[in-house]
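**Student:** Need a 3D model of the sequence below.
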Amino acid sequence: MIVLKDIYLFLEQQLGIDVKALKPDSDLFEDFGVFGDDLFELVEVFAENYSVKVDDFLWYFHSPEEASSLFGIIFLPPNKRVARIPITPDMLVQYANQKCWGLEYPAHEIPKRRWDLLLSKLLFIALLIALVAVGVFLVG
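**Tutor:** I've put the predicted structure just below:
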């Protein structure tokens, strides 16, 4: 059986968080700044170490994105469309013992297409084309 001390040691090893700073209800994002790729990696290693099925893990309920999109104000990213749910050591103990990510997420709808990212890519491509055109004009 996995106990809180096991998870504290796991978090210390993976994130460098001092065990003394951890509490059962510590919020890994709010209290320690764990989000984005760091959170993904943590969940992957957690799943491996404790044989936990994490197929149902939905990152956007727990973490902001690593970087924001220019169009994220108009077309909200997934994490801004739902209420954030903290990940705590207590939850990790529970899921380690259940062998699955046992969180029932609230009903929600996330658009299939990320317009914010698509428009950012199109803007980047347009700027790249404009720079190449200016370069050709200046050289020619």
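**Student:** Check the gap between the closest residue to residue 32 other than its chain neighbours and residue 7 for me.
**Tutor:** Nearest residue to residue 32, sequence neighbours excluded (CB to CB, 6 or more residues apart in numbering): residue 17, at 5.6 Å. C-beta coordinates here come from the backbone N, C-alpha and C atoms, glycine included. Residue 17 is 11 Å from residue 7, where distance means CB to CB, to the nearest Å.
**Student:** contacting residues for the spatially most central residue of the chain?
**Tutor:** The chain has residue 36 as the residue nearest its centroid, 3.6 Å off, counting by CA atoms, centre = their mean. Neighbour list for residue 36: 63, 64, 65, 66 [criterion: CB atoms under 8 Å, 6 or more residues apart in numbering].
**Student:** Now do it against residue 28, distance only.
**Tutor:** Using CB to CB, we find residue 36 at a distance of 12 Å from residue 28.
**Student:** Next, the buried residues of stretch 30-40.
**Tutor:** 32, 34, 35, 36, 38, 39 (16 or more other CB atoms under 10 Å).
**Student:** Tell me the one of these nearest residue 129?
**Tutor:** Taking CB to CB as the measure, residue 36 is the one of the buried residues of stretch 30-40 closest to residue 129, at 30.2 Å.
**Student:** confidence score at that closest one?
**Tutor:** Confidence at residue 36, expressed as pLDDT, is 92.
**Student:** okay, and for this structure, where does confidence drop off?
**Tutor:** 67, 70-72, 117, 140 (pLDDT under 70).
**Student:** again, only using 80
**Tutor:** Counting by pLDDT under 80, the chain shows low-confidence ranges at 66-75, 111, 114-120, 123, 140.
**Student:** residue boundaries of the strands in it?
**Tutor:** Assigned by DSSP state E, the chain shows no strands.
**Student:** Need the single longest helix in it, by residues.
**Tutor:** In the chain, taking DSSP state H as the definition, the longest helix is helix 115-139.
**Student:** Residue 35 and residue 27 touch, don't they?
**Tutor:** No: using CB atoms under 8 Å, residue 35 makes no contact with residue 27, being 10.9 Å away.
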